[in-house]
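[1] Pasting the sequence and the predicted model now:
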Number of protein chains: 4
Amino acid sequence: MEGEIRTDLALEMQERFTEDDVEVSGVALTEDFCEDGKMRVTKVEILDEHGAQVMKKPVGTYITIEAAKLFSGEEKERRKVSEEVGRQLGLLCADKKICQVLVTGLGNREVTPDSLGPLVTDQLFVTRHLLREYGEGFLNRQLEKEEDGTEVSLSAVAPGVMGQTGMEAVEIIQGLVKKIGPDLVLVVDALAARSVERLNTTVQLTDTGICPGAGIGNNRKSLNKESIGCPVIAIGVPTVVDAVTIVRDSMEGLLQEQGFEKKEIGLFLRGVEDMRKMNTMFVTPKSIDEEIHQMSRTISEAINYCFFGI
Amino acid sequence: MEGEIRTDLALEMQERFTEDDVEVSGVALTEDFCEDGKMRVTKVEILDEHGAQVMKKPVGTYITIEAAKLFSGEEKERRKVSEEVGRQLGLLCADKKICQVLVTGLGNREVTPDSLGPLVTDQLFVTRHLLREYGEGFLNRQLEKEEDGTEVSLSAVAPGVMGQTGMEAVEIIQGLVKKIGPDLVLVVDALAARSVERLNTTVQLTDTGICPGAGIGNNRKSLNKESIGCPVIAIGVPTVVDAVTIVRDSMEGLLQEQGFEKKEIGLFLRGVEDMRKMNTMFVTPKSIDEEIHQMSRTISEAINYCFFGI
Amino acid sequence: MEGEIRTDLALEMQERFTEDDVEVSGVALTEDFCEDGKMRVTKVEILDEHGAQVMKKPVGTYITIEAAKLFSGEEKERRKVSEEVGRQLGLLCADKKICQVLVTGLGNREVTPDSLGPLVTDQLFVTRHLLREYGEGFLNRQLEKEEDGTEVSLSAVAPGVMGQTGMEAVEIIQGLVKKIGPDLVLVVDALAARSVERLNTTVQLTDTGICPGAGIGNNRKSLNKESIGCPVIAIGVPTVVDAVTIVRDSMEGLLQEQGFEKKEIGLFLRGVEDMRKMNTMFVTPKSIDEEIHQMSRTISEAINYCFFGI
Amino acid sequence: MEGEIRTDLALEMQERFTEDDVEVSGVALTEDFCEDGKMRVTKVEILDEHGAQVMKKPVGTYITIEAAKLFSGEEKERRKVSEEVGRQLGLLCADKKICQVLVTGLGNREVTPDSLGPLVTDQLFVTRHLLREYGEGFLNRQLEKEEDGTEVSLSAVAPGVMGQTGMEAVEIIQGLVKKIGPDLVLVVDALAARSVERLNTTVQLTDTGICPGAGIGNNRKSLNKESIGCPVIAIGVPTVVDAVTIVRDSMEGLLQEQGFEKKEIGLFLRGVEDMRKMNTMFVTPKSIDEEIHQMSRTISEAINYCFFGI
């Protein structure tokens, strides 16, 4: 099928091929359910360049946690998502010796669906300055842990968006990484999904960094190990759907139902791509403010849980 | 043509009939251009019950100021929109003796496209407490006006949304009106439009109050002279398009281009109406934060200009 | 001793007399310690007009919870303060049948030490609209309680300050109370204390409402049963010390240490009262932002605990 | 006179010596009045190490603009302060060829009197990304200037405070400067003054950077040419007085009036220095929110005026 699929979720690219009954070489998929089926954890591995080209995403691991049902329930249930995200984050880091982490919350604090990153950085257990001031062992004493546990030095920054700063987020982070030398950069950002059902209920973790054009379209240079000079793990939550995508997908569904052929459908869809004004629009839930607070709490808890067990 | 058109702009309802080459009895339209054609002022008058039924809006006057070109230019140009909106607001009030105005900014301060009302109330020249403390003549002295000019006592409140307060905005305003007895309630709210081109470039003034279901769907009881007990003028700015509307309209356009017949098109469009999840979504520009600040400044300037000439 | 003592805490007025070894007729004091002495609960009862005149506060009950040590510890410890405040609030309400509560958060959201009230209203479990929409029994089902428990209808509003609205908070609340008819108005406000040690570690509950001139000086009319027309309980947290008070008290302490006599000291202190510019200043801790968030969480938890057991 | 004077204003250090009728070698003072005496511009030059030691500030130029009367008047008058600050800033830069400026707004956005820096960065005419995207000549065309005027590439960042980020502001700025290589770093920060009259009515410009312990006590490493590696100009506005300072100064004034001798007064003042809890407190005006917005607008206008003539 011709036409662009616009999504930051590897899982949604993968699903697209399943729809079309196509098997993709170079891409492996595993899935797992937990919490009585209320949470689905999917791992998409892009194994080689062929997979990367088809999936339009770099080679690497993409873990998706879907938990719509746990977010609509009690606080206790939401907390389970935090812990699972934290656990999966730990698995992605497992091969690295991590002493110093820099968390960067991308996005624009002033635009509700793009404020996820800055809101997460506000809620982290920032420790770098404490360890430097009070010395080794300080955190272990504070957290009542064994004296010889590793103490992660965590710092956090929300670099703002280019329209406000005149600098690309990548440039700011490159400067910081050179200066403070972390073992790991954790990037938190709002993503675009293809399906409205996934908005604010899904988390994607990946060791490939953030792709250009991600989120609601304000970042431009890739933020990855190559550009930054140290390992990068990205945590993303889809908070918007591109307006073009939603029109395109709705239309495709209806035309298929009416029995149109693929070629005809393709003609229609190209019409949608041409709607110029629509390219500057996005779709977001009406209750985005509450949802973004819920998700930012979940992600910050996951990070705190992964590195400090709290 | 079957199917719902969802818009808070009387002008867009009117246009719909023009598209279909239908003349509507009970509805009068006049239009006017100014600033070298960069600003269009349209007046839709719904004259009787027949007009009201067809237009799905109450009997009354609806003035729309469209000025996309003035918003993308310099500060000086934007200020011209403020003054025209202020002038039109003055015309709508011309038959009333106004000494005391209560401005209410509806909407949720935490959701960017819904924050127009609260942001406007933040920027008004609030005078009620000054006149009560310093007595008559105070404003005239402050503004260096003739001693016998009318001094408007202006108060302003952002009542919040029901999910935050547990009360409908109408209830809060009813209580306030009973207590302080204004001559006029001015309601400022974000609206839903049908056309993305109109978002954050258009202002609607009406003497009919605010219709139920307006904005992004959080208000429910009508806010008008009947429910409030004093004249109500509403100032609205479209900041979102309903997701269903945008899909529906895009699809209709494409199907018409392909030569489908009205009946067939109708079938498709009903399919869109049925997309349940989409009903909780809206479409908004990616640069909504800057645009909402620009529009809130424009509306507050218009109100200050209308009542104080500043 | 001549000279004004400026404090909103009845406890600090009481202490003043103890310092001077004076017993005040018409005033009763009891105190209680809990949590291994980390929390002190003091009840000052002003029993008659004589007591009221001496204490410069209306007849009624004033409960103070001091818990500095619990705020510097773990989350679990802070939560104990929430529960004690909630319990004491319940005792103050014990003689009333309460079905509908209106919480009003006074103060200016834009001034950090004055934002306590608005921040508390943001975090409450607002139920009025839910009970009206889903009917009786809804809350009990949600909270998994017995079907016949009382369900409190809670609404909440932050009316803003007079400089922003042109209206006194009392006027806005009077209007609301007439309209929605609550059984109890709960007023939350930032207070002024005399002692910097008490800032953001102390809560005062009183059934007398809020006195004029309270907080950092923006409220003016009393908010009590008489002015509002329904019982009023005020919850206050001292977040500032008047600049005049801090200078006066520091100076008095030093002069006493140096062996000056009361009369001489009085002369000095009158000098302080005359410092005009100082009257527009207040003193607040450098870490006020974190402290105000901690206290607003504590108070909102206390209210949720009192009325819903959550 | 013994005892610390705590102020970030060189002018207030200088005044202290004038009070004591002491002339300080190595320090030169000139003053100038404009706008009918409503604005005072004072230049303190610390010429050598002796001056630096006595003044407790580094060698360099300190320009103070005092304009209390212009801030209480009309918008037009306030705008004159912006232009004078912009003009003085231009004079401080006059010996440098400036093509690229990085503005850093220090301080904590969440604490009203410390939010000056971040608020200023929000309102700047940021151009770096525009010049990089649209090429040379773009700004001149936009601003309708001659094609061959210099176009300043301006970027802006609010790095946050150490408690939020785990990094010192200096570290973050060092990283950025290395990465983007500006010709000038402009640091905007809230300062501590000694006199409450100067709060939010005074601007200090200096080519020495920011001293340790400045503002309300959250910055620690010097931000100057030496530490940053490029010229630094600091723009500061006093928004708080240290609580210890205000008590100390009030007391000193009163004791002098009563005819006490210097030695006795010194004894008292040392008592004030010992008040431990007071060291974590600051004094700020009750109307700080409006004042900080007014001052942040003034400073951002001054920067825009200096570099772009707008």
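    In hand now; what should we look at?
[2] Helices along the stretch 101-250 of chain A, start to end?
    Under the criterion DSSP state H, counting those that start in this stretch, the stretch 101-250 of chain A contains helices at A:116-122, A:128-134, A:138-142, A:162-165, A:169-180, A:225-228, A:243-257.
[3] among those helices, which is nearest residue D:308?
    helix A:162-165 (16.8 Å; C-beta to C-beta). Where you see a C-beta, it was placed from the backbone N, CA and C, and this is true even at glycine.
[4] The closest one - what's its average pLDDT?
    On average, the pLDDT along helix A:162-165 is 92.
[5] Next: stretch A:113-123.
    Stretch A:113-123 comes out at a mean pLDDT of 95.
[6] does any part of it sit near chain C?
    No - using C-beta under 8 Å from any C-beta of the partner chain, stretch A:113-123 never reaches chain C; the gap is at least 10.4 Å.
[7] Please enumerate the strands of chain A.
    For chain A, strands defined by DSSP state E occupy the ranges A:27-34, A:39-46, A:60-66, A:100-105, A:153-157, A:184-193, A:202-206, A:232-242, A:281-285.
[8] Same list, the ones you listed, but as a markdown table with mean pLDDT and mean neighbour count please.
    Formatted as a markdown table, the strands of chain A follow (pLDDT from 0 to 100; neighbours: other C-beta atoms under 10 Å in any protein chain shown):
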| stretch | mean pLDDT | mean neighbour count |
| --- | --- | --- |
| strand A:27-34 | 93 | 14 |
| strand A:39-46 | 96 | 21 |
| strand A:60-66 | 96 | 22 |
| strand A:100-105 | 97 | 26 |
| strand A:153-157 | 97 | 25 |
| strand A:184-193 | 95 | 26 |
| strand A:202-206 | 97 | 25 |
| strand A:232-242 | 94 | 27 |
| strand A:281-285 | 88 | 26 |
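[9] and the ones you listed as JSON lines, adding distance to chain C?
    Below are these laid out as JSON lines (distance: least, C-beta to the nearest C-beta, whole Å):
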{"stretch": "strand A:27-34", "distance to chain C": "24"}
{"stretch": "strand A:39-46", "distance to chain C": "22"}
{"stretch": "strand A:60-66", "distance to chain C": "25"}
{"stretch": "strand A:100-105", "distance to chain C": "18"}
{"stretch": "strand A:153-157", "distance to chain C": "15"}
{"stretch": "strand A:184-193", "distance to chain C": "21"}
{"stretch": "strand A:202-206", "distance to chain C": "24"}
{"stretch": "strand A:232-242", "distance to chain C": "21"}
{"stretch": "strand A:281-285", "distance to chain C": "19"}
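[10] Show the end-to-end separation of stretch A:234-250, please.
    Distance across stretch A:234-250, first residue to last, is 30 Å (C-alpha to C-alpha, to the nearest Å).
[11] before we move on, the earlier item: so can I have JSON lines of the helices of the stretch 101-250 of chain A showing mean neighbour count and distance to residue C:199?
    Formatted as JSON lines, the helices of the stretch 101-250 of chain A follow (neighbours: other C-beta atoms under 10 Å in any protein chain shown; distance: least, C-beta to C-beta, whole Å):
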{"stretch": "helix A:116-122", "mean neighbour count": "26", "distance to residue C:199": "23"}
{"stretch": "helix A:128-134", "mean neighbour count": "17", "distance to residue C:199": "24"}
{"stretch": "helix A:138-142", "mean neighbour count": "15", "distance to residue C:199": "24"}
{"stretch": "helix A:162-165", "mean neighbour count": "21", "distance to residue C:199": "34"}
{"stretch": "helix A:169-180", "mean neighbour count": "22", "distance to residue C:199": "35"}
{"stretch": "helix A:225-228", "mean neighbour count": "16", "distance to residue C:199": "43"}
{"stretch": "helix A:243-257", "mean neighbour count": "22", "distance to residue C:199": "49"}
